[in-house]
Structure formats: C-alpha cells, structure tokens
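Peer 1: Have a look at this fold, sequence not included:
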C-alpha cells in the first residue's frame, strides 16, 4: 500500500511539470487576451466621456449661435438698450442652460456688457478680471465659417477654475454683418460639472489642471507620457491603479491648442478579475486531471 502511494506521488509529481507548462502557456494567453479586452473597454469609457463632454460643448455652441445671430443682440451692441438685459439676461437664462458668464464685447475689444452667475448659490457674481482681460482676444469663428462643421471652442483656464467657453461674432438674424463684436458664453468646469458628467456617463471621473504642480503621482506620470506622444499615437493612456481598479487618461486642450486639463476615468477591474477566476478554474481542473491520471496509471 505504501509502495502504491509512493508510485502515485512520483507519477503526480512527474505530471506537475507538463501541468505547470500548460498552465503557464494558458495563463500567458488568457491574461494577454483579457488584458487587451480590458484596455479596449477602458479606452471606450474614456472616449464615451470625451464624446459626452463634446456634446455639452455642441449644445452650448448651438445656444450661443442662436443668441449671436439675433437682431435684438445686434441692436443692443449699438443702443445698449436696458430693456434687452431686463428681458433676456435674467436668472432663468443662466440656470436654464447652466451658464456662469455672458459677455458682450464690441469690435474694438471693449466690454459692452457682462454678467456672472453662481449656479450653486443662485446669485449674481462678478466676472473675474482674469476672464475680462482675455475676453477681447478669445478666438471666434468667422462669419464665413458659420455654415461649416466647425468644432466649438473648448477650455479656458483661469486661476479660479477652468471654463467651458464658446464665442461667436454678433450678426443679424440672417447671419449677416458687418460684425458688431463678440458674444461669449462660459461655464465653469468645476466639481459640480464633473459630478454631473459622471452621472451622465455612469463613470467615476477626475479632472486635474495640466499645469498643477501638486498633481497626484499617477497624474504626474501620465502627464509626462502624454507630453511625449507622437501625432500618430493615441491620446489615451491606460494604466492599472491596483489589483482592483484601472484608469484611463486623456488630455483636454484649451482654446489655444495647449494642454489644459487631464481627465481620468477609473473603473473596477472586472475583466481582469474574471481572467483570474478562469485561471483558477483551469488550475484546479488540471490538478484534478493530473491526480486522476496518476491514480489510473497505478491501477
């Protein structure tokens, strides 16, 4: 009986080598395949957030275009009619389209009218000087471009918070000139906006300033990687945060084409965990088969 157990042990130990080799090969293939699937899924999540953010820009762009191609606004630049402000630039205007700032600038770059609004506290706020200084130089889409598929302007970084900002030339209701200046709509991309974006996409989001000197370690490492990207490389970087979470990162540029923000999307590593479960089942199955073969050989 003892001799039989020794033979069984020898055979089983002998089978460990091919079992280990088979498990190693299967593990390499499985983790590689599931890793690619995990990366692809993460990339889609980042793209979904980016597309949702672009849709927000598109909606804001459509609204500012309606306002800027409007006879009443066109006349307001010249006559500065208080009735226009009283009738149109009211609390409901800001809350309805989630705006923080409306600014009218004439062709000389002078401020005609501007108003700020705190969406959280529902009260008027002053326009930051940092925004007023840049308002005259904010790029606008020329009247000749209005019929094209032009993308909305993106981000303007201020000391207070980054802004989602769009601007258009002020024209008549028929989109004819000459232009009487620029209309600017701006919305803070603050914690509330990021939270709302996360609720829309059902994803966990974090946004940091690209030039933040105190970036978390993972953001700092990714910032270096994204800076070194070649034009033909993907603008999305992916890295595991732990055994339980993975993150995807992308850079959002400002209206001047410079990196402004780093967006991080992090999700549970469900695909990776499923791969680990599959490998556990495989290992158990191989060991059971090895034990069965050892017993069969002795018998």
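Peer 2: Alright, I've got the coordinates. None of the values given here were measured: they were computed from a predicted structure. Numbering: from 1, shown residues only.
Peer 1: Next one: the spatially closest residue to residue 198 that is not a sequence neighbour, what pLDDT does it get?
Peer 2: Spatial nearest neighbour of residue 198, chain neighbours left out: residue 205 (4.4 Å); criterion: CB to CB, 6 or more residues apart in numbering. To be clear about C-beta, it is placed using only N, CA and C from the backbone, and glycine gets the same treatment. With respect to pLDDT, residue 205 has a value of 94.
Peer 1: can you check residue 171 too?
Peer 2: Value listed for residue 171 in the pLDDT field: 95.
Peer 1: check contacts around the residue nearest to residue 198.
Peer 2: By CB atoms under 8 Å, 6 or more residues apart in numbering, the contact set of residue 205 is 49, 194, 197-198, 263-265.
Peer 1: and what of residue 105?
Peer 2: Contacts of residue 105 (CB under 8 Å, 6+ apart): 111-112, 135-136, 181-184.
Peer 1: how about 6 Å then?
Peer 2: Counting by CB atoms under 6 Å, 6 or more residues apart in numbering, residue 105 touches 135-136, 181-182.
Peer 1: Beta-bridge partners for it, please?
Peer 2: residue 111, residue 182 (DSSP bridges).
Peer 1: Flag the shaky bits of the stretch 1-150 of the chain, pLDDT-wise.
Peer 2: 1-16, 19, 22-23, 26, 28, 30-32, 34, 141-150 (pLDDT under 70).
Peer 1: Quick one: the strands in it, in order.
Peer 2: 101-105, 111-118, 123-125 (DSSP state E, counting those that start in this stretch).
Peer 1: deepest of the ones you listed, which one?
Peer 2: strand 101-105 (a mean of 24; mean count of other CB atoms under 10 Å).
Peer 1: tell me the two of the contacts of residue 105 that are most distant?
Peer 2: 135 and 181 (10.5 Å; CB to CB).
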